[in-house]
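Peer 1: need a 3D model of the following:
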Amino acid sequence: MTRLHLHLVSDSTGETLEAIAKAGLAQFEDVEPIKHFWPMVRTEGHLNRVMEEIGQRPGVVLYTLVNAGVRARLEFCCRAMGLPAVSALDPVIEGFSKVLGREATQKVGRQHTMDAAYFARVDAIHFTIAHDDGQGADEWEEADIVIAGVSRSSKTPTSIYLANRGYKVANIPLVPESPPPPILFELKRPLVVGLTTSPDRLIAIRRNRLLTLGTLPETDYVDPDVVAKETAFARRIFADNDWPVIDVTRRSIEEAAAAIINLHQKRAEEGATAA
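Peer 2: Modelled structure (predicted):
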């Protein structure tokens, strides 16, 4: 296992850097990154203090700095220390600049501006939390997306991920002993999507959940026959209502959410064409 000190130096929150670093490191096996976060670095004085800390734990420096003076200072210090310094956004910004025929604005943290889209995203998160696990049925029509599935089929984490992308989401558990309210089958505005997974994976997830809660796992909740009937019940509902279905057996939350977003966008495009 290779240990790598990774210094993320940003003049904003550093979220972009962290995402880029995570994506890049995913391409390398047997690497243990030790991440050091240096956010809100906007002056040379602040940078000098950061560089002293970096010098004590040398490694790769990944940065996003808009201020030319601060950036030049970081690059100079890294050269003097013999450390690789990588500007994460330069290729992206240069590509956009060429296509658009204009220079970038050089404004710090502009992606975090509290504009209308920001407040819409906050509103989506509030809505999604309030409509988790079948709550607020009388407001499901206001959702952008409604997710249905059996217990532990990743409905809640997928909903929260989508909410962070600005979608209002409600999710509903499908339980044979307690069928969902009729309003679920009458929705017009939201895209209704079914999540399904293999019974074996579902049992494993549920068993781990019960163990985490300190509960003996030998219950109907993880009984193979009961779980098989439960997943079959959900699939019948999906088929009877002609809802799109996403199998999350081998999908991450991000992959499932991306598939749902594609379905939502396609539906919106079809609606626009029909209009």
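Peer 1: any stretches of this protein with poor pLDDT?
Peer 2: With pLDDT under 70 as the threshold, the chain has low-confidence stretches at 102, 104-115, 216-217, 275.
Peer 1: tell me where it has helices.
Peer 2: For the chain, helices defined by DSSP state H occupy the ranges 15-25, 44-56, 68-81, 90-100, 116-130, 155-164, 199-212, 224-241, 253-274.
Peer 1: need the winner for burial among these.
Peer 2: When you average the neighbours per residue for each of these (mean count of other C-beta atoms under 10 Å), helix 155-164 leads with a mean of 22. Glycine gets a C-beta too; all of them are placed from N, C-alpha and C.
Peer 1: pull that one out as PDB, backbone CA atoms only.
Peer 2: What follows is helix 155-164 as a C-alpha-only set of coordinates in PDB (Å, rounded to 0.1, in the frame of the first residue of the first chain):
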ATOM      1  CA  LYS A 155     -34.600   5.000  -1.700                       C
ATOM      2  CA  THR A 156     -33.600   7.500   0.900                       C
ATOM      3  CA  PRO A 157     -29.900   8.000   0.000                       C
ATOM      4  CA  THR A 158     -30.800   8.300  -3.700                       C
ATOM      5  CA  SER A 159     -33.500  10.800  -2.800                       C
ATOM      6  CA  ILE A 160     -31.100  13.000  -0.800                       C
ATOM      7  CA  TYR A 161     -28.500  12.800  -3.600                       C
ATOM      8  CA  LEU A 162     -31.100  14.000  -6.100                       C
ATOM      9  CA  ALA A 163     -32.300  16.700  -3.700                       C
ATOM     10  CA  ASN A 164     -28.700  18.100  -3.600                       C
END
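Peer 1: and that helix, what does it pack onto?
Peer 2: Of the remaining helices and strands, those touching helix 155-164 by 3 or more C-beta pairs under 8 Å, 6 or more residues apart in numbering; DSSP states H and E are helix 116-130, strand 145-149, strand 169-173, helix 253-274.
Peer 1: nearest to residue 237, out of those?
Peer 2: In this view, the helices and strands packed on helix 155-164 are compared for proximity to residue 237 by C-beta to C-beta, and strand 145-149 is the closest at 7.1 Å.
Peer 1: center of the chain - which residue?
Peer 2: Centre of the chain computed as the mean C-alpha position; nearest residue by C-alpha atoms, centre = their mean is residue 161, 4.6 Å away.
Peer 1: that one contacts residue 258, doesn't it?
Peer 2: No - Residue 161 is beyond contact range of residue 258, at 9.4 Å (criterion: C-beta atoms under 8 Å).
Peer 1: for the residue nearest to residue 153 when sequence neighbours are not counted, give me its contacts.
Peer 2: Nearest non-adjacent residue to residue 153, counting by C-beta to C-beta, 6 or more residues apart in numbering: residue 195, 4.6 Å away. If a contact means C-beta atoms under 8 Å, 6 or more residues apart in numbering, then residue 195 has 147-149, 153-155, 158, 245-246, 248, 256 as its contacts.
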